[in-house]
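Colleague: Give me the fold of what follows.
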Amino acid sequence: MNEQPVMVFRDVTKVYPLPAGGVTALDGVSFQVDRGEFISVMGPSGSGKSTLLNLMGCLDIPTTGDIFISGSRIGDMSDTELTCLRRDRIGFIFQYFNLFPLLNTLENVTFPLMLKSGKKADTERGRQVLRSVQLEESLYSHTPTELSGGQQQRVAIARALINDPDILLCDEPTGNLDSKTGAGIMDLMTELNRKGTTIIMVTHDPHIAEYSKRTIRIADGRIES
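Modeller: Residues are numbered from 1 along each chain as shown. Predicted coordinates for the structure are as follows:
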């Protein structure tokens, strides 16, 4: 494994200011993620999972404490630098896929690569990544509404992988799928991790969490020991 962790949280606190007083969503959270890990994050509703995910994805910054992504401290970054960090180093997979409805499969997958390079879509790279998530080539010209839920999630995974991110963040990746399709997606995630992809997955399902190698449990904004 690479000696430098891909993610480090050091005594991270997140407080949301409200007129009646601040609400502490995370309270002194510390952990690190090494390259090649497969981690699940679990906790009851309101425990701080969503806040933790937003911070891991650099969609928000901590009130106090430090977060490092691939050695870079996000508190030192401008909005533009954070946008580039999210684009280049973090892949996002969501429960509801979040595909562009007017773009076909190949266009959806190559879109982040176009944003990064500013050039015409690299369709061969898109096809390569789609093959890696085991999507049939006959579906590459289909729009999301012409795909099943499991197929849409495979497209979403391919899109997340297109820029070769350091970390894959997954928010309930099987939550909108039936159990059989969900198991297929988790088998794919396991295979991606076996090949070296670092995965952090937020889930409420203990069975899905069993696919990971380590579980971080959070309650009342704190990591349970």
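
Colleague: can we go C-alpha only for contacts and neighbour counts from here?
Modeller: Noted.

Colleague: which helices and strands does the lengthiest helix in the chain pack with?
Modeller: Of all the segments of type helix in the chain, defined by DSSP state H, the longest one is helix 179-194. If contacts are counted by 3 or more CA pairs under 8 Å, 6 or more residues apart in numbering; DSSP states H and E, helix 179-194 sits against helix 149-161.

Colleague: ok, and what's touching the helix it packs on?
Modeller: Outside helix 149-161, the residues that touch it by CA atoms under 8 Å, 6 or more residues apart in numbering are 90-94, 97-99, 105, 108-112, 126, 129-130, 132-135, 144, 168, 173, 176-177, 181-182, 185.

Colleague: List the residues that contact the residue nearest to residue 209 when sequence neighbours are not counted.
Modeller: The shortest distance from residue 209 to any residue that is not its chain neighbour, by CA to CA, 6 or more residues apart in numbering, is 5.7 Å, and that residue is residue 40. By CA under 8 Å, 6+ apart, the residues touching residue 40 are 200-203, 209, 212-216.

Colleague: Assign residue 40 to helix, strand or coil.
Modeller: Here residue 40 takes the strand state, with states given by DSSP: H, G, I helix; E, B strand; the rest coil.

Colleague: Quickly note the distance from it to residue 215.
Modeller: Shown here: residue 40 relative to residue 215, a distance of 5 Å by CA to CA, to the nearest Å.

Colleague: so what sits against both of those two?
Modeller: Common neighbours of residue 40 and residue 215 (criterion: CA under 8 Å, 6+ apart): residue 209.

Colleague: one step back: need the next SSE after the longest helix of the chain, C-terminal direction.
Modeller: On the C-terminal side of helix 179-194, the nearest following helix or strand under DSSP states H and E is strand 198-202.

Colleague: other SSEs contacting that next one?
Modeller: Secondary-structure packing of strand 198-202 (3+ CA pairs under 8 Å, 6+ apart): strand 38-42, strand 167-171.

Colleague: Quick check: buried residues in stretch 3-21?
Modeller: For stretch 3-21, a neighbour-count test (16 or more other CA atoms under 10 Å) marks 5-9, 11-14 as buried.

Colleague: Check stretch 182-195 too.
Modeller: Burial within stretch 182-195, assessed by neighbour count using 16+ other CA under 10 Å, is assigned to 182-183, 185-186, 188-190, 192-193.

Colleague: Determine which two of these are furthest apart.
Modeller: Maximum pairwise distance among the buried residues of stretch 182-195 (CA to CA): 16.5 Å, between 182 and 193.
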